[in-house]
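Chemist: here's a sequence, model it:
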Amino acid sequence: MHHPRIPTPAPAAPRARSLRRVVHLGRTPVSPRAAAGIALTAALLALLAGCSEAGSTAAEKPTPVRVAAATDGPATPPIAATGTVASKDEIRLSFKLGGVVRRIAVEEGAEVQQGQRLAEIELAEVGAQVEQARQLADKAQRDLERGERLHDDQVISLEQLQDLRTQASVARAALRSAQFNLGFSTIVAPRDGVVLRRMVEEREQVAPGATVLLLGARDSGYVVQLALADREVVQLKLGDPAEVRMDAYPGKVFAARVSEISRAADERARLFPVEVRLESTPAQLASGLVAKVTLSPASARETRLTYVPIAAVVEGDRDRASVFLPSADRAKRRPVRVAFITGDQVALAEGLAPGETVVTDGALYLQDDERIAVVEDPSQAVGSVLPPAPPVG
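Modeler: Okay, here's the model as predicted:
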């Protein structure tokens with residue numbers, strides 16, 4: 001019986017040694033996982049090297065700053081005060097006698113000329129007094145003439161004649177007094193000027209000597225009236241310079257000098273009145289304007305201190321601070337001592353001399369011995385918020 005031949009199964013293929021592939025680094029075999037780690041490490045080292053280069057480049061880049069020269073100034077801060085503009089000579093015009101105001105010919109702010117009639121009172125009463133005094137003076141003169149004839153005829157005694165002479169003299173004096181009062185029943189401008197205030201209106205009753213008009217003399221100029229404390233007034237001398245600023249004239253500074261210093265304090269405020277006279281005045285200057293005055297005492301000009309812009313002073317601690325001075329392309333820190341601050345300037349008691357150059361804009365961002373680059377445009381300085389300057393041309 002023939003049996004079919006059973007095929008012998010083919011020999012199994014050799015089992016793969018590993019599903020992982022082997023890579024070689026040089027002659028040493030390295031697995032893919034290890035190779036990936038090596039590649040990642042190399043990438044990190046390259047990145048760190050690049051950052052180190054960038055950091056080194058950034059550290060070497062100079063910081064843009066601006067500089068300014070230190071100046072000298074007074075050893076004490078200027079005196080700042082607020083005052084009121086007024087005419088140097090303000091004349092209060094009034095009637096010598098009381099009465100009813102008949103007419104006022106000017107308004108406030110009117111310009112007047114010397115000799116111009118400004119106001120007058122009702123003349124009926126004053127005129128009657130003048131007429132009465134004239135009649136009495138005429139009668140006394142007639143009595144005196146008659147008495148002299150009678151004395152020549154030896155009708156009256158010398159004593160009686162002397163009495164008549166006395167009566168005539170008294171009557172003439174009364175007439176002159178009445179005429180004098182009549183002359184002051186009308187207000188006339190004593191000088192060229194401006195009517196600053198009008199105190200009464202027509203048909204009002206005024207008392208003798210009551211102010212009717214306030215006149216500012218034009219030829220005497222203007223002053224600023226101040227009130228200073230004792231510690232301030234003792235520093236001033238007549239002729240000390242001053243600067244005057246007014247909100248009515250923004251951006252303008254008017255030169256002035258101390259013209260009056262009171263040696264008695266006001267009884268209520270205990271402040272000393274001081275006047276500074278304006279050396280030049282605008283055409284429309286008016287009394288009553290508020291003025292800010294900066295006084296420079298003579299005593300402050302005898303000794304000097306070094307002044308720098310306030311932006312140059314950093315790291316302040318009480319009266320101790322620092323400034324940066326440019327040296328080649330580096331910023332060198334120097335300690336200084338602050339005396340006082342005035343406006344946008346700082347007065348230094350020690351540590352810096354006038355004429356030395358200090359870093360201003362950008363000083364807050366510097367460290368000692370840091371590289372710097374001096375720029376002219378304020379917008380280019382480090383930390384500036386100013387817009388760039390427009391191109392020239």
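Chemist: show me what Y222 is bridged to.
Modeler: S87 (DSSP bridges).
Chemist: hey, what's the spatially most central residue of the chain bridged with?
Modeler: Most central in the chain under CA atoms, centre = their mean is K292, positioned 4.2 Å from the mean C-alpha point. Here K292 sits in beta bridges with T82, R245, going by DSSP bridges.
Chemist: so it is in contact with I79, correct?
Modeler: No. K292 sits out of contact with I79 when judged by CB atoms under 8 Å, with a separation of 11.6 Å. The C-beta positions use only the backbone N, C-alpha and C, and glycine is treated the same way.
Chemist: ok, back up a step: residue contacts, the residue nearest to the centre of the chain?
Modeler: Neighbouring residues of K292 by CB atoms under 8 Å, 6 or more residues apart in numbering: 80-82, 244-246.
Chemist: try Q225
Modeler: With CB under 8 Å, 6+ apart, Q225 has these contacts: 83-84, 86, 273-275.
Chemist: scan the residues you listed and report the most crowded one.
Modeler: V274 (26 neighbours; other CB atoms under 10 Å).
Chemist: host element of the residue lying closest to that one once chain neighbours are set aside?
Modeler: Counting by CB to CB, 6 or more residues apart in numbering, V274 lies nearest to L226, which is 4.5 Å off, once chain neighbours are set aside. Per DSSP states H and E: L226 is located in strand 222-228.
Chemist: would you mark the buried spots in that strand?
Modeler: Using 16 or more other CB atoms under 10 Å as the test for burial, strand 222-228 gives 222-228.
Chemist: between the contacts of Q225, which is nearest D319?
Modeler: V274 (30.5 Å; CB to CB).
Chemist: about what we covered before: roughly how far does the residue nearest to the centre of the chain sit from G355?
Modeler: 31 Å (CB to CB, to the nearest Å).
Chemist: next one: S185
Modeler: With CB to CB as the criterion, S185 and G355 are 71 Å apart.
Chemist: and these two? Which one has more around it.
Modeler: A direct count of neighbours by other CB under 10 Å for S185 and G355 places S185 higher, at 20 against 10.
Chemist: was I right to think the more buried one contacts L97?
Modeler: Yes. The criterion here is CB under 8 Å, and S185 meets it with L97 at 6.4 Å.
Chemist: what touches both of those two?
Modeler: 121, 126.
Chemist: the residue lying closest to R66 once chain neighbours are set aside: what secondary structure?
Modeler: Spatial nearest neighbour of R66, chain neighbours left out: D361 (4.0 Å); criterion: CB to CB, 6+ apart. Secondary structure assignment for D361 (DSSP: H, G, I helix; E, B strand; the rest coil): coil.
Chemist: I'd like the distance between D361 and V112.
Modeler: Taken as CB to CB, the span from D361 to V112 is 56 Å.
Chemist: what about these two, which has more around it?
Modeler: The neighbour comparison of D361 against V112 (other CB under 10 Å) goes to D361, with 24 against 21.
Chemist: quick one: residues contacting that one.
Modeler: 65-66, 311, 378, 381-384.
Chemist: try it again at 6 Å.
Modeler: 66, 311, 378, 381 (CB atoms under 6 Å, 6 or more residues apart in numbering).
Chemist: any idea how far the first one is from P335?
Modeler: The one in question is R66. 22 Å.
Chemist: neighbour-wise, which of those two wins?
Modeler: Legend: neighbour count by other CB under 10 Å for R66 and P335, higher for R66 (21 against 12).
Chemist: could you list the domains of the chain?
Modeler: 63-75+302-380, 79-88+221-296, 93-120+187-217, 124-184 (automatic domain parsing).
Chemist: for the ones you listed, give me JSON lines that also has mean pLDDT and distance to P390.
Modeler: As requested, the domains of the chain are exported to JSON lines (pLDDT from 0 to 100; distance: least, CB to CB, whole Å):
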{"stretch": "domain 63-75+302-380", "mean pLDDT": "92", "distance to P390": "10"}
{"stretch": "domain 79-88+221-296", "mean pLDDT": "91", "distance to P390": "22"}
{"stretch": "domain 93-120+187-217", "mean pLDDT": "91", "distance to P390": "45"}
{"stretch": "domain 124-184", "mean pLDDT": "90", "distance to P390": "69"}
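Chemist: out of these, which comes closest to P388?
Modeler: Short answer: domain 63-75+302-380, nearest of the domains of the chain by CB to CB, at 4.7 Å.
Chemist: so how far is the strand holding L226 off the chain centroid?
Modeler: 14 Å (CA atoms, centre = their mean, to the nearest Å).
Chemist: quick one: the strands in the stretch 201-350 of the chain?
Modeler: Ranges of strands in the stretch 201-350 of the chain, per DSSP state E, counting those that start in this stretch, are 205-206, 211-217, 222-228, 241-246, 254-261, 272-278, 290-295, 304-309, 314-317, 320-327, 330-342, 345-350.
Chemist: so for E90, which of the ones you listed sits nearest?
Modeler: strand 211-217 (5.5 Å).
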